[in-house]
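1. Give me a 3D structure for the following:
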Amino acid sequence: MFAKLLKYEFKSVGKWYLALYALVLAIAIVVGFWLRSNVIRAETSEISNAEATLLGFVMFAFAAILITIGISTLFLIVNRFRHNIYGRQGYLTMTLPVSAHHLILSKLVSALLWSLLAAIIAILSLLVAFSISGIDEFFGAYTFVTELTDIPSILQYGFAQFVSTVHSILLIYFSISIGQLFKDYRTLMAFIAYFSISSIVGIISSLFYLSELETLYGSSLSILPNPILTFLSILLAFGYYFGTHYIMSKKLNLQ
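-> Predicted coordinates for the structure are as follows:
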């Protein structure tokens with residue numbers, strides 16, 4: 001049944017998002033060739049102000065499209081959980097012969113995969129555009145990746161990013177679940193719950209980083225994730241998960 005739930009998650013929105021990702025890659029190719037033509041022309045002749053303005057607008061539009069990928073993925077994560085569990089569709093969803101664990105995990109796995117795919121498409125689009133353009137300085141600007149050249153560092157960074165993504169998704173689910181406990185203004189209460197929890201966690205993380213900076217004063221600060229904060233994110237993620245499960249199982253209040 002878990003596999004069927006997961007299949008339904010992708011089937012319901014897969015075509016639209018895959019079409020969006022294909023469009024972004026196509027635009028990246030067009031932008032790359034346009035940049036390349038302008039770079040070649042700039043070596044032999046001066047580009048007019050109108051062309052420079054148009055090029056700037058295209059680059060801005062391309063950046064906006066990449067941002068749209070992130071926003072649309074966030075909307076997908078929020079909308080699928082809120083409507084399928086606590087909206088009108090919840091009356092059908094909660095009658096399925098599956099546990100709350102299966103429902104949460106199917107939403108979480110699909111959200112993780114869509115987030116990963118969105119990140120890959122965004123990075124791939126940038127690489128395609130700037131590789132075609134021949135602007136080598138784009139890659140040279142990111143000198144911080146020199147710390148991620150060995151396998152242990154790559155695994156550590158990848159694991160921390162995975163934990164951070166799971167933590168963020170489960171926080172969204174938990175906040176939505178808190179919001180549905182109220183009779184009115186559920187969306188508003190979910191926002192308040194999300195930003196309240198995020199602010200508290202952010203303050204704790206900031207205090208930890210300040211303490212770490214004082215300890216490392218005078219030495220270089222690594223970009224690699226701190227294992228203590230990663231462990232804290234894991235603990236919080238478990239708390240969000242079981243908090244969501246408890247509300248779905250014991251405090252369900254459908255619209």
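2. Now the host helix or strand of residue 206: buried residues?
-> Assessed by DSSP states H and E, residue 206 sits inside helix 186-215. Neighbour counts over helix 186-215 (16 or more other CB atoms under 10 Å) mark 186, 189, 190, 193, 194, 197, 201 as buried. C-beta coordinates here come from the backbone N, C-alpha and C atoms, glycine included.
3. same for that helix, what does it pack against?
-> Contacts defined by 3 or more CB pairs under 8 Å, 6 or more residues apart in numbering; DSSP states H and E place helix 186-215 against helix 151-179, helix 227-250.
4. by how many degrees do the last one and helix 151-179 diverge?
-> In other words, helix 227-250. 30 degrees (axes from the mean of the first three to the mean of the last three CA atoms, to 10 degrees).
5. Let's test this: mean pLDDT of helix 227-250, rounded?
-> On average, the pLDDT along helix 227-250 is 91.
6. Next, the angle from it to helix 186-215.
-> On the basis of the same axes, to 10 degrees, helix 227-250 is oriented at 160 degrees to helix 186-215.
7. Other residues contacting helix 227-250?
-> With contacts defined as CB atoms under 8 Å, 6 or more residues apart in numbering, helix 227-250 is touched by 85, 100-101, 103-104, 159-160, 163-164, 166-167, 170-171, 173-174, 177-178, 180-181, 201, 204-205, 208.
8. Could the C-alpha coordinates of it be exported in CSV?
-> Below are the C-alpha coordinates for helix 227-250, written out as CSV (Å, rounded to 0.1, in the frame of the first residue of the first chain):
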residue,chain,number,x,y,z
PRO,A,227,27.8,17.5,13.5
ILE,A,228,26.2,18.9,16.7
LEU,A,229,23.7,21.0,14.8
THR,A,230,23.1,18.1,12.4
PHE,A,231,22.3,15.9,15.4
LEU,A,232,20.0,18.6,16.7
SER,A,233,18.2,18.7,13.4
ILE,A,234,17.7,14.9,13.5
LEU,A,235,16.2,15.1,17.0
LEU,A,236,13.9,17.9,16.0
ALA,A,237,12.8,16.0,12.8
PHE,A,238,11.8,13.0,15.0
GLY,A,239,9.9,15.4,17.2
TYR,A,240,8.0,17.0,14.3
TYR,A,241,7.3,13.5,12.8
PHE,A,242,5.8,12.0,15.9
GLY,A,243,4.0,15.3,16.7
THR,A,244,2.4,15.2,13.3
HIS,A,245,1.5,11.5,13.8
TYR,A,246,-0.1,12.2,17.2
ILE,A,247,-2.2,15.0,15.8
MET,A,248,-3.3,12.9,12.8
SER,A,249,-4.1,9.9,15.0
LYS,A,250,-5.6,11.5,18.1
